[in-house]
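A.B. asks: Quick one: sequence and predicted model below, then my questions.
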Amino acid sequence: IRTFSRNTATARDRIPPRIIDDLEDETLVHLIRLFKRCEECGDWPVQWKDATMVMIPKTEQFKWRLIALLVTPYRIWAREAGCWTSRWMSSLKREWIANGPKKASEDVVYEIALDAEMAAGNYGHVSVVMMDDLEKGFEKVNHADLLDKATIYGFPPNICTLAVVMYQSPRRIRCAAAYSKSTTTTRGVLAGCPIAMGLLLLANLNPVDDFWRNLPSRIKCNISSFKVYVDDFIIAFRFDTNKLSHDEIQTMVTGTYLRLSQGITAKGANFAVGKGRVTSTDVDIADAVKKALNWCQCVSPSNCVCSSNHKIEAKRDITILGVDYSAGRPIKYAKNKEIVNEAKTKASKIVTLCKGVPFALNLVRSHVHSSALYGAKIIGMSDKILDEVRVMTCSSTSTRAAGGSSRIDLLLQTQRTSILPLRLTVLLSLSGPKE
């Protein structure tokens, strides 16, 4: 109970989780008994089975992410059940699982970046990275399939059952003060539930295991990293062009992607169209992979009905799990300028939407500042661009706007420190380290 923030959002029950901590010990004992009774029966009280879906805007215009606000008793139970889910994820011993206890998304990117710089430093070696994510991964999980797989893979059955019961309960979407009509479904896990990511992993275990088990050893030996982070799939290859031609490399990369895509599609999921990215230390290979995968067999490409996602883009710079990656090349000045321009556009749009709403505007101000600081630390920015970020942040979140906060202004006016660009350097030399 004490792990919850005191100002955390509440569902329709309007009960803050931390207020439960003020109850007498005898009352908490009865609450624990009620939880155990629910686990034995495999059901929740009717009053608890209610989910409020809050609309959170995505970076794309007119797109939203639905986050579930659940009743406080369920959230307390799910927080403890999430610990058991983490133990189950650790027990799987799958190297391709990138999320879970004591794992960070940045570790995946740094591992790939190190391998790319090694490839760039070795004559004839080429690094190729492909990434894609599931289309509405949280919304397409079949509940009956989850219950069956829980027995096969040793997921705690009582936790899976009670979570599915809550997911099948009536839910309604909230937009400002308006609520939609309630509806129910037999598919999907609720983002915002501590157990949801574990159940999504449970749904993807079988297709990913089959893909990796049946992948030819000739291809597998050239894969330096294969990771799945929630619904994001990343495959990193390392090839030796002294032994393989460009056509062979292109065939291996495209074949691997198609095998993974077909395996996931067979289980009722699919990669999001237009989200696939490929980058390489050799730009020609990335373009060849894009050309091979973007071949459409339909008579009318505008009315494409192909089963696989063939709208892959070849990029020199991509973003993997929130971290910029440039296939062994340093993040360039132009990329930093692009990030600043995008931040300016988003900040102006959000501030316009939040005009006159003090609480929302203060959230935006804090978010803009923390995002700019995080980006500067991760990818490195020159002093000139850091000045632009600071000016943009101050101007778009000025106290002259409605709801301004002088505390945030003081935070933004702190003395600027020079941040050296982050470079991952691999020192490989038999005679000694080189700078």
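C.D. replies: Happy to help now that I have it. Numbers count the residues shown, from 1 in each chain.

A.B. asks: So what's the residue count around residue 159?
C.D. replies: By the criterion of other C-beta atoms under 10 Å, residue 159 has 22 neighbours. Just so you know, the C-beta spots here come from the backbone N, C-alpha and C atoms, and that holds for glycine as well.

A.B. asks: For the residue nearest to it when sequence neighbours are not counted, give me its contacts.
C.D. replies: Of all residues not flanking residue 159 in the chain, residue 81 sits nearest, at 4.7 Å (C-beta to C-beta, 6 or more residues apart in numbering). Residue 81 sits next to 156, 159, 162-163, 194-195 when contact means C-beta atoms under 8 Å, 6 or more residues apart in numbering.

A.B. asks: Which of these sits closest to residue 184?
C.D. replies: Nearest to residue 184 among the contacts of residue 81, counting by C-beta to C-beta, is residue 163 at 15.1 Å.

A.B. asks: Export only the CA atoms of the helix or strand containing that closest one, formatted as CSV.
C.D. replies: Using DSSP states H and E, the element containing residue 163 is helix 157-167. Output of helix 157-167 as CSV, limited to C-alpha atoms (Å, rounded to 0.1, in the frame of the first residue of the first chain):
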residue,chain,number,x,y,z
PRO,A,157,-3.3,-19.6,-12.4
ASN,A,158,-5.2,-17.6,-9.7
ILE,A,159,-3.5,-14.4,-10.8
CYS,A,160,-4.3,-15.0,-14.5
THR,A,161,-7.9,-15.9,-13.7
LEU,A,162,-8.6,-12.8,-11.6
ALA,A,163,-6.9,-10.5,-14.0
VAL,A,164,-8.9,-11.9,-17.0
VAL,A,165,-12.1,-11.5,-14.9
MET,A,166,-11.3,-7.8,-14.4
TYR,A,167,-10.4,-7.4,-18.1
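
A.B. asks: I'd like to know which elements that helix is packed against.
C.D. replies: Other elements packing on helix 157-167 under the criterion 3 or more C-beta pairs under 8 Å, 6 or more residues apart in numbering; DSSP states H and E are helix 25-41, helix 72-91, helix 143-153, helix 196-214.

A.B. asks: Kindly recompute the last result at 7 Å.
C.D. replies: Contacts defined by 3 or more C-beta pairs under 7 Å, 6 or more residues apart in numbering; DSSP states H and E place helix 157-167 against helix 25-41, helix 72-91, helix 143-153.

A.B. asks: Give me the buried positions along it.
C.D. replies: Neighbour counts over helix 157-167 (16 or more other C-beta atoms under 10 Å) mark 158-167 as buried.

A.B. asks: got the buried residues for the helix or strand just after that helix?
C.D. replies: Next along the chain after helix 157-167, taking DSSP H and E as the criterion, comes strand 171-175. Across strand 171-175, burial judged by 16+ other C-beta under 10 Å covers 171, 173-174.

A.B. asks: got TSV for those residues, with distance to residue 215 too?
C.D. replies: Shown next, in TSV, are those (distance: C-beta to C-beta, whole Å):
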residue	distance to residue 215
171	39
173	41
174	44
